[in-house]
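Participant: sequence first, predicted model second:
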Amino acid sequence: PSNKFSKVSHLKPMLSLSNAFDKNDMEDFLKKVNNFLNIKNENLEFFSEPKIDGISATLIYENGVLKKGLSRGDGIIGEDILENLKTISSIPKKIIGRDLPKILEIRCEIYIGKKDFLNLKNKFANPRNAAGGSLRQKKSEDTAKIPLKYFAYGFGAVEPMIFKTQSDFFEKITNWNFITNPLIKIVSNLDEIEKQHTLLDEERSKLDYDIDGIVYKVNDFNLQKRLGNTSNSPGWA
């Protein structure tokens, strides 16, 4: 791996997530959200998706063409790894679709499947380590030899904003040929949140990729905006 990649400021910070370790933590999160929004009805829609244990990256499209690809870095400044990201054939280099935003920044998680990792395990400690090392190769031809995959999960800058909810965003980008995780679900109360957690916990060992949790996001972007972010994590996820 090389540390000669140029540093680039993110258009919008790539934040971390706050953690919930049990049902009580999740209950506190729901209460906080409901109180802040002053919503008495607790059946607020949440978008649930597995949290992939990979390497975060962001793809920036201008008028549908992939122009920049950055690593997460410290969340404020990333590294230009565009040529290495372009070796992942399933990442769209050009988006064909109607109503495309002029600027569209897609956040994704890069990973190596467990089956693919079996052929690499002599060189790397674990799949995450393998994905991270592969994205930092000096020559993109070396990255191209590694079977990297990705899931798109969110966005940074979008101009003009055309999405209303996280589920709407997922539907549109799936139509634009981005790969999204099939194990997504809309849930709307603590029971459904718990049910989805139990379900994914049972499925976890059968998946071809590592997950280290589930992410729950308030589905509505207007409500997300009202809830805002702290300096390092969103208040809506």
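Facilitator: Alright, I've got the coordinates. Keep in mind it's a predicted model, so treat the numbers as computed, not measured.
Participant: tell me where the model's unsure across this structure.
Facilitator: Residue ranges of the chain with pLDDT under 70: 1-2, 41-42.
Participant: residue nearest the centroid of it?
Facilitator: Residue closest to the average C-alpha location in the chain (Cα atoms, centre = their mean): residue 153, at 3.5 Å.
Participant: run the chain-centre distance for the helix or strand hosting that one.
Facilitator: Assigned by DSSP states H and E, residue 153 belongs to strand 148-159. Using Cα atoms, centre = their mean, to the nearest Å, the distance from the centre of strand 148-159 to the centre of the chain it belongs to is 6 Å.
Participant: about what we covered before: the residue nearest to the centre of the chain against residue 111, yeah?
Facilitator: No - here residue 153 lies out of contact with residue 111, judged by Cβ atoms under 8 Å, at a distance of 11.6 Å. For glycine as for every other residue, the C-beta is placed from the backbone atoms N, C-alpha and C.
Participant: give the next helix or strand downstream of the helix or strand harbouring residue 198.
Facilitator: Assigning secondary structure by DSSP H and E places residue 198 in helix 190-203. Downstream of helix 190-203, the next assigned helix or strand under DSSP H and E is strand 211-218.
Participant: partner strands of that following strand, with direction?
Facilitator: strand 46-52 (antiparallel) (DSSP bridges).
Participant: show me the contact partners of the partner strand.
Facilitator: 17, 109, 111, 151, 153, 165-167, 170, 181, 183-188, 193, 196, 200, 207, 209-219 (Cβ atoms under 8 Å, 6 or more residues apart in numbering).
Participant: just the buried ones from these?
Facilitator: Neighbour counting over those (16 or more other Cβ atoms under 10 Å) leaves 109, 111, 151, 153, 165-167, 170, 181, 184-185, 187, 193, 196, 200, 209-211, 214-219 as the buried ones.
Participant: could you find the closest non-adjacent residue to the residue of the chain most remote from its centre?
Facilitator: No residue in the chain sits farther from the centre than residue 40, which is 30.3 Å out by Cα atoms, centre = their mean. Spatial nearest neighbour of residue 40, excluding adjacent residues (Cβ to Cβ, 6 or more residues apart in numbering): residue 34 at 7.7 Å.
Participant: helix or strand for the one you found, just tell me which one.
Facilitator: Counting by DSSP H and E, the element that carries residue 34 is helix 23-37.
Participant: packing partners of that helix?
Facilitator: Helices and strands touching helix 23-37, as assessed by 3 or more Cβ pairs under 8 Å, 6 or more residues apart in numbering; DSSP states H and E, comprise helix 190-203, strand 211-218, helix 221-227.
Participant: repeat that for 7 Å
Facilitator: In terms of contacts (3 or more Cβ pairs under 7 Å, 6 or more residues apart in numbering; DSSP states H and E), helix 23-37 is packed against helix 190-203, helix 221-227.
Participant: buried ones in that helix?
Facilitator: Result for helix 23-37 [16+ other Cβ under 10 Å]: buried residues 26, 29, 30, 33.
Participant: could those be laid out in CSV, adding distance to residue 49?
Facilitator: CSV is the format used below for the buried residues of helix 23-37 (distance: Cβ to Cβ, whole Å):
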residue, distance to residue 49
26, 15
29, 16
30, 17
33, 18
